[in-house]
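# Following is a predicted model, sequence given first.
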Amino acid sequence: MNLANLFRAYDAVIAFRDAARRLKDSSGASKSETSLSPTTAQGIAGQIESRLTNVVVAALKEAFDRDHARLELERAQIEEQRRRAEEALRLELRRQTVDREIGRLRLLAGTALVGWIASISVLFVHQPSMPSRVVLGAGWLLLLGSLGAAFSAQGRVNADRIDKPERADAGALPLWLLIAGLAATAISLLL
């Protein structure tokens, strides 16, 4: 809204009103000089004043309507920005969750690989009996299964990063296979 133009219009209305009053006062002082009667002068001044008032009111109404439309547009833009920020925050939280899950799966895969290598070294250092070798072989299979399940889960989590917004814990199977494999390797040492 341009306030300078609004003040100029208001000043013009006041000037016209003052001129109309002076005209009315001077016509009352010298009735013989004017051919217009006082009621006619008041009627003309009143008409001019009412027209100018209508113009000012219309200008104010137009300015307020423009301001209202501008405020509505700004509100819509702010709402859109807020929605975008919430979406970006949700995606960032999802990305961080996926990164943590991938890190956990890599840790499980590394632990399974180290456990498998350690169980191989147990075979060469400790000359196990036949039942111990069977349990150790089962431990190897469980540890290798844990390693494969961890790699498979990493692939699923990477694919789900884009496709599906939410997914349950993908590392449960590798974790349980790792625990069972390490337990079987430890039991093979006792046999």
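Arrived safely, thanks for sending.

# For residue 100, see how far away residue 80 is.
Residue 80 sits 31 Å away from residue 100 when distances are taken as CB to CB, to the nearest Å. C-beta coordinates here come from the backbone N, C-alpha and C atoms, glycine included.

# I misspoke; the intended subject was residue 178.
Residue 178 is 18 Å from residue 100, by CB to CB.

# Likewise for residue 51?
Residue 51 sits 73 Å away from residue 100 when distances are taken as CB to CB.

# What of residue 15?
Using CB to CB, residue 15 is found at 74 Å from residue 100.

# Ok, residue 143 next?
Residue 143 sits 24 Å away from residue 100, going by CB to CB.

# So these two - more neighbours on which side?
residue 143 (27 against 10; other CB atoms under 10 Å).

# Could you pull up the residues touching the closest residue to residue 5 other than its chain neighbours?
Counting by CB to CB, 6 or more residues apart in numbering, residue 5 lies nearest to residue 59, which is 7.9 Å off, once chain neighbours are set aside. Contact analysis of residue 59 by CB atoms under 8 Å, 6 or more residues apart in numbering lists 5-6, 9.

# go again using 10 Å as the cut-off
Counting by CB atoms under 10 Å, 6 or more residues apart in numbering, residue 59 touches 1-2, 5-6, 9-10.

# Pick the one among these closest to residue 110.
Nearest to residue 110 among these: residue 1, at 66.9 Å, using CB to CB.

# one step back: just the pLDDT at the residue nearest to residue 5, thanks.
Predicted confidence (pLDDT) for residue 59: 86.

# what's the answer for the one 3 residues further on, then?
Predicted confidence (pLDDT) at residue 62: the value is 89.

# go on, residue 35?
On the pLDDT scale, residue 35 gets 51.
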